[in-house]
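K.L.:
Sequence first, predicted model second:
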Amino acid sequence: MSDHIRNTGPMLASPRCGAKTRTSGACRSPAVHGKKRCRMHGGAPGSGAPKANQNARKHGLFTRDAIAERRRIRALLGEVRKLLEKMK
């Protein structure tokens, strides 16, 4: 055995990756310095889409207007369900 003492305190205290694994658990790897993901989940240099990516979200599903419209529809459906419950 070696007499080397491991100093694992800083690594154990480092923030963890926020990614969800295939088994629905949280990734336990430490996040890359200055990022929220580990090197395997998008924290590595050069990973991810380039700045001003022309192909990102072209469908408009996540625009502010689309999200607001879905919220209005969901609220309207909730009101209709309540009305139908009262009519029973």
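P.N.:
Yep, that arrived. Numbers count the residues shown, from 1 in each chain.

K.L.:
Show me the helices in the protein, by range?
P.N.:
Ranges of helices within the chain are 9-13, 64-87, based on DSSP state H.

K.L.:
which residues sit in contact with C27?
P.N.:
Applying Cβ atoms under 8 Å, 6 or more residues apart in numbering to C27 gives the contacts R16, C17, G18, A19, K20, T21, C38, M40, H41. In short, each C-beta sits where N, CA and C put it, glycine included.

K.L.:
Can you tell me, leaving aside adjacent residues, what's nearest to it?
P.N.:
Excluding its sequence neighbours, the residue lying closest to C27 (Cβ to Cβ, 6 or more residues apart in numbering) is C17, at 4.0 Å.

K.L.:
next one: A26
P.N.:
K20 (6.6 Å).

K.L.:
you'd agree the one you found is up against R28?
P.N.:
No - in this structure, K20 is not within contact of R28 by Cβ atoms under 8 Å, at 11.8 Å.

K.L.:
By mean pLDDT, which helix or strand of this structure comes out lowest?
P.N.:
helix 9-13 (a mean of 79; mean pLDDT, DSSP states H and E).

K.L.:
That one - contacts with which helices or strands?
P.N.:
Packed against helix 9-13, as judged by 3 or more Cβ pairs under 8 Å, 6 or more residues apart in numbering; DSSP states H and E, are no other helices or strands.

K.L.:
now it, how far from the centre of its chain.
P.N.:
Centroid separation for helix 9-13 versus its chain: 23 Å, with Cα atoms, centre = their mean, to the nearest Å.

K.L.:
That'll do, ta.
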